[in-house]
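[1] structure for this input, please:
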Amino acid sequence: MAIEDGLTTRLVCGLLRPKCTTALLALGALGVSILAPLPALAQAWPAKPIRLVVPYPPGGGTDLLGRMVARRLSESLGVPILVDNRPGADGSIGTDIVAKAAGDGYTLLIDGTSQAYNVAFRKKLPYDSARDLAPIVQTANQQVLLVASMRLPIRNLLELIEHAKANPGKLTYGSSSNANTLPMELLKTMTGTNIIYVPYRGSAPMLTDLLGGQVDIAMSGAAAPLPHVRAGKLRLLGIGDSQRSPSMPDFPTIAEAGIPGFQTLQWSGLYAPRPTPRAIIERINRDTVAILQDPAMRKQMIDAGFDPVNGPNTPERWGALVAAEVVKWSRIAAQTGLKSD
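    Coordinates of the predicted model:
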């Protein structure tokens, strides 16, 4: 609010009379605003380290991407960004921490599909994502890979389905989050197979058991299993998206491999507590979009199994994507008969 505003002028004049005119001219010449401390506070951000909560254990796809983004965003903002892993309850423990944090720009969250899947899967959460979190920017899409242990006597998806139908209730699949469980249950419904769910607390221990043959198959975000696929230690049966990935163009989709109409894709992005000032949201959005357009960053992400976001990437667009996915997966959860914890 400028010093010449009528209400402010009357207030200042009341304090400075009879030298009101002289005082106003002096302040106006200096460009002083009566509310200068508030913009000054916003301009001072960031003035200390920022915490980026990753609601999963170290070593998974979200953790890997979070550390990539944190490193580059720290350089852009000029302050350290400290990655804080807070795993548990399919990401809801870490999400709850951010949902209840101060909206001062110093606590952020990186998460993705679990924000939709947890709503679809659960009746009760300690927060309301739509109410308590402010979307900032989408960071990437991540292909979902259907992978099998090399000890399983199958070579492709159709052989897996045939083997599962011949051995109902004997095959197992590992999953470390609802983001992987719900698509796998959809696949079981579409193929009429009975494959037993084995829960894990993180993708790293799940992959260890998959590599060792303690579980037979898994559906997982690409970043964690992709190195093992490339090394010939896991068998890739298909990717979840409806079209081939630019980061993995030689890998067939699950739809191509034998289940027409199947589609799933993991996405991720940054959130802040809802009261966070819009100016801070826009600053993080602007800097992150620039980071995602950098060729070196894009190559690093693609090599790790992520598809960087292209095109418009506003907070509103990111929020709309999440809202649409909540509707989609809530419907699928009802169709597959999945119930909350």
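[2] quick one: stretch 284-293 to chain centroid distance?
    15 Å (CA atoms, centre = their mean, to the nearest Å).
[3] going forward can the numbers begin at 7, since that is how I track them
    All set: I'll call the first residue 7, so the last point we hit is now stretch 290-299.
[4] so for it, mean pLDDT?
    Over the span of stretch 290-299, the pLDDT mean works out to 96.
[5] contacts for that stretch?
    Residues from elsewhere that reach stretch 290-299, judged by CB atoms under 8 Å, 6 or more residues apart in numbering: 75, 78-79, 82-83, 111, 114, 142-143, 145-146, 276, 278, 303-304, 307, 314-315, 319-321. In this view, the C-beta of every residue, glycine as well, is placed from N, C-alpha and C.
[6] give me the buried entries from those.
    Buried by 16 or more other CB atoms under 10 Å: 75, 78-79, 83, 111, 114, 142-143, 145-146, 276, 278, 303-304, 307, 314-315, 319, 321, out of these.
[7] now, these that are in helices?
    75, 78-79, 83, 303-304, 307, 321 (DSSP state H).
[8] between those, which is nearest residue 289?
    Residue 289 lies nearest to residue 83 out of these, by CB to CB, at 7.9 Å.
[9] dump the residue contacts of the nearest residue to residue 66 once chain neighbours are set aside.
    Excluding the flanking residues, the one nearest residue 66 by CB to CB, 6 or more residues apart in numbering is residue 209, at 4.2 Å. Applying CB under 8 Å, 6+ apart, we find residue 209 in contact with 62-63, 65-67, 182-183, 226-227, 230.
[10] how close does the nearest residue to residue 190 once chain neighbours are set aside get to residue 216?
    Among residues not flanking residue 190 along the chain, residue 225 sits closest, at 4.5 Å (CB to CB, 6+ apart). Distance, residue 225 to residue 216, by CB to CB, to the nearest Å: 11 Å.
[11] repeat for residue 162
    Distance from residue 162 to residue 216, by CB to CB: 17 Å.
[12] per-residue confidence at the residue nearest to residue 66?
    Predicted confidence (pLDDT) for residue 209: 84.
[13] swap in residue 317?
    Looking at residue 317, its pLDDT is 78.
[14] list phi and psi for it.
    Residue 317 adopts backbone torsions of phi 80, psi -170, taken as degrees, to the nearest 10.
[15] run a quick neighbour tally on it.
    Burial measure for residue 317: 5 neighbouring residues, criterion other CB atoms under 10 Å.
[16] for residue 126, see how far away the residue nearest to residue 190 is.
    Distance from residue 225 to residue 126, by CB to CB: 16 Å.
[17] out of these two, which sits in the busier spot?
    residue 225 (26 against 20).
[18] for that one, give me its contacts.
    Contacts of residue 225 (CB under 8 Å, 6+ apart): 150-153, 179, 181, 186, 189-190, 193, 246, 270.
[19] that one sits in which helix or strand?
    Assigned by DSSP states H and E, residue 225 belongs to strand 223-227.
[20] from residue 99, how far off is the residue nearest to residue 190?
    For residue 225 relative to residue 99 (CB to CB), the value is 23 Å.
[21] kindly report the same for residue 191.
    Taking CB to CB, one finds residue 191 at 23 Å from residue 99.
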